[in-house]
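A.B. asks: Quick one: sequence plus predicted model below, questions after.
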Amino acid sequence: MPTFTDWKSDKSDGTLPNTEDAGIFQYRHFIHWETVQSWGAGIGRKGTGTWTIQIKDPSGIVIFEQTVQISVSVLFFGFVITWFYYEDEDVYTTTIVDGQQITADNPVSTYLVGAEEGDMIPGGDTVSGDIIDAFYESAVYKMSVPVGSTFHVIDDRWGLGVQTRPDWQWRFGDGSDFQIDSTFDSFGFLNSVTSYKGTSDLLCQRSLPNHTTREQLAILSGSDPVMAVLRNGKTLLIKKDSNDFGMHESLDAMMSFQKRDDELLQGSVTMPHLVALRGGGYLQLAKSAGEFKYIRVGPDGAKTNGAINDAAGYKELSAAQADNGVITLINETGAPVASSADDGVSFQ
C-alpha cells in the first residue's frame, strides 16, 4: 500500500493541503450529526446522509466529482443512542476522476487502490445523548492532484437530523516511488512499463514512433518491472507479485498478460534483468541465493543455465547485446565485467 501524509483539513478558501503534486489521495468527512430523538426508547429508524463534492485544479477544471450516500440506523435508550452503519448499502456515483469522465470504457476501478468502499469510524466527543460523531473515510483514488487544487461541496444533506459541524480532511501520497523499463519493438514503437502514480500497480503504455503520443494499454498489479519485446512479437514482463518475481507473457501487445513458468525466476530473486536476443529468444539475469545467475532461452525454447563469477562482489549487474551479437554484463559502476560471444550460452 502507498505511504500517505498525515490527515489535514483544507484551508478556509477550499485549497487542498497538498504541498507537491500528488498521485493518490483519500478524504474523510467528519460527521457531527444531531439526530431527532422523538421515537421512544428502543425504537430505531434508518436515516441517510448524502453529499456531492468536487475537486478543481488551479485553472478551475473539475478533476474529481463524486456523490456518496450512506445509511445509518439510530436506536434511542433514554439519553443514550446506539447507531449502526450499513456498509453494504453505500451508493457511490463517481463521475469524474483525474479530469476524465467515467464511462464503461474508462471505469472507476482504473483509478482505485483496492475497491471503492468507504468506512465509518467513531471519532470526536459526544456532548449529549443525541449526537453521532464519526469519520467517513473514502476509498483511495489514483489521480494527479496539482498543488493549488480546491475543494467544493455541492451538497451535504442528512436525514433524521442536522449536520452541524461538517469538516473535510485529506491525505496524499507523494507518488515518488516510480520504476520504469522501456524497449523498442521491431516496428519502432516504444513500449514502457512504469509504476502507476505511486501505487503498487504497473501501467503499460506504447508510444508512437514520434514518441509524442502515448497510448495506455493495461494496468497490472505488481511492481519492479523488467520487460523485453521478442522478435516473434511476444512481450515478456518480469514483475514482482507479493514478495516474488515472476515471468508474464503478452501476445496482444501488452493489453493483457498471462503468467508462465520459469525455472530461474521462481521464488525469491533480486535485481532481475531481461534482454531480447537478436537471433531470437531471450536472456534473464538475476541474483539468487547470493550469486548472479542467468538463463538463456533460445528461439526453439531450449534453455541454458549458468552462474556469473562475481568474486569481485558485484552489487548489481545488467546486460545488453551489441550490434555484433556480443552480450556484455555491466556492473553497478558502469564497467563491463564479462561478455558472451555465443549468444548467452556462456560468459567470460
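C.D. replies: Ah, there it is.
A.B. asks: use CA for all of it now, contacts and neighbours both
C.D. replies: Noted.
A.B. asks: Partner strands of the lengthiest strand in the chain and their direction?
C.D. replies: Ranked by residue count and defined by DSSP state E, the top strand of the chain is strand 62-77. Paired neighbours of strand 62-77 in the sheet (DSSP bridges): strand 44-56 (antiparallel), strand 80-85 (antiparallel), strand 91-97 (antiparallel).
A.B. asks: Just the CA atoms of that strand, as PDB, please.
C.D. replies: Taking C-alpha atoms only, strand 62-77 is exported to PDB below (Å, rounded to 0.1, in the frame of the first residue of the first chain):
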ATOM      1  CA  VAL A  62     -13.200  19.700 -12.400                       C
ATOM      2  CA  ILE A  63     -10.800  16.800 -11.900                       C
ATOM      3  CA  PHE A  64     -12.800  14.800  -9.400                       C
ATOM      4  CA  GLU A  65     -16.600  14.600  -8.800                       C
ATOM      5  CA  GLN A  66     -18.500  12.200  -6.600                       C
ATOM      6  CA  THR A  67     -21.800  11.700  -4.800                       C
ATOM      7  CA  VAL A  68     -21.900   9.400  -1.800                       C
ATOM      8  CA  GLN A  69     -24.900   8.100   0.100                       C
ATOM      9  CA  ILE A  70     -24.600   6.200   3.400                       C
ATOM     10  CA  SER A  71     -27.200   4.600   5.700                       C
ATOM     11  CA  VAL A  72     -27.200   4.700   9.500                       C
ATOM     12  CA  SER A  73     -29.700   3.300  11.900                       C
ATOM     13  CA  VAL A  74     -30.200   5.100  15.200                       C
ATOM     14  CA  LEU A  75     -31.700   3.500  18.400                       C
ATOM     15  CA  PHE A  76     -32.600   5.600  21.400                       C
ATOM     16  CA  PHE A  77     -32.500   4.400  25.000                       C
END
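A.B. asks: related to what we said a few turns ago, looking at the strands paired with strand 62-77, which one has the lowest mean pLDDT?
C.D. replies: The minimum mean pLDDT among these belongs to strand 80-85 (a mean of 65).
A.B. asks: still on that earlier bit, and the average pLDDT for the longest strand of the chain is what?
C.D. replies: On average, the pLDDT along strand 62-77 is 84.
A.B. asks: domain parsing for this structure?
C.D. replies: Domains of the chain are assigned by automatic domain parsing as 8-173, 177-260, 271-348.
A.B. asks: Endpoints of the first one, how far apart?
C.D. replies: The reference is to domain 8-173. 13 Å (C-alpha to C-alpha, to the nearest Å).
A.B. asks: How far off centre is that domain?
C.D. replies: From the chain centre to the centre of domain 8-173 is a distance of 22 Å (C-alpha atoms, centre = their mean, to the nearest Å).
A.B. asks: The second one too?
C.D. replies: What separates the centre of domain 177-260 from the centre of its chain is 14 Å, taken as C-alpha atoms, centre = their mean.
A.B. asks: tell me the contacts of the closest residue to Ile63 other than its chain neighbours?
C.D. replies: Closest residue to Ile63 apart from its sequence neighbours, by C-alpha to C-alpha, 6 or more residues apart in numbering: Gly99 at 3.7 Å. Counting by C-alpha atoms under 8 Å, 6 or more residues apart in numbering, Gly99 makes contact with Ile61, Val62, Ile63, Phe64.
A.B. asks: Could you do Ala253 as well?
C.D. replies: So Ala253 contacts Gly233, Lys234, Thr235 (C-alpha under 8 Å, 6+ apart).
A.B. asks: Format those residues as CSV; extra columns: distance to Ile132, pLDDT and neighbour count.
C.D. replies: What follows is the contacts of Ala253, written out as CSV (distance: C-alpha to C-alpha, whole Å; pLDDT from 0 to 100; neighbours: other C-alpha atoms under 10 Å):
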residue, distance to Ile132, pLDDT, neighbour count
Gly233, 60, 82, 15
Lys234, 57, 86, 16
Thr235, 55, 89, 22
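A.B. asks: Quick check: buried residues in stretch 280-287?
C.D. replies: Neighbour counts over stretch 280-287 (16 or more other C-alpha atoms under 10 Å) mark Gly281, Tyr282, Leu283, Gln284, Leu285, Ala286, Lys287 as buried.
A.B. asks: hmm, I was thinking of stretch 263-277
C.D. replies: Leu264, Leu265, Val269, Thr270, Met271, Pro272, His273, Leu274, Val275, Ala276, Leu277.
A.B. asks: Report the backbone C-alpha coordinates of that stretch in PDB.
C.D. replies: The C-alpha coordinates for stretch 263-277 follow below in PDB (Å, rounded to 0.1, in the frame of the first residue of the first chain):
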ATOM      1  CA  GLU A 263      12.900 -22.000 -13.700                       C
ATOM      2  CA  LEU A 264      15.200 -19.100 -12.800                       C
ATOM      3  CA  LEU A 265      12.700 -16.600 -11.500                       C
ATOM      4  CA  GLN A 266      10.500 -18.900  -9.500                       C
ATOM      5  CA  GLY A 267      10.900 -18.000  -5.800                       C
ATOM      6  CA  SER A 268      12.800 -15.100  -4.300                       C
ATOM      7  CA  VAL A 269      15.400 -13.300  -6.500                       C
ATOM      8  CA  THR A 270      16.600  -9.800  -6.700                       C
ATOM      9  CA  MET A 271      17.700  -7.400  -9.400                       C
ATOM     10  CA  PRO A 272      16.200  -9.200 -12.400                       C
ATOM     11  CA  HIS A 273      17.200  -8.200 -15.900                       C
ATOM     12  CA  LEU A 274      15.800  -9.200 -19.300                       C
ATOM     13  CA  VAL A 275      17.400  -9.000 -22.800                       C
ATOM     14  CA  ALA A 276      15.700  -9.900 -26.100                       C
ATOM     15  CA  LEU A 277      18.400 -11.700 -28.200                       C
END
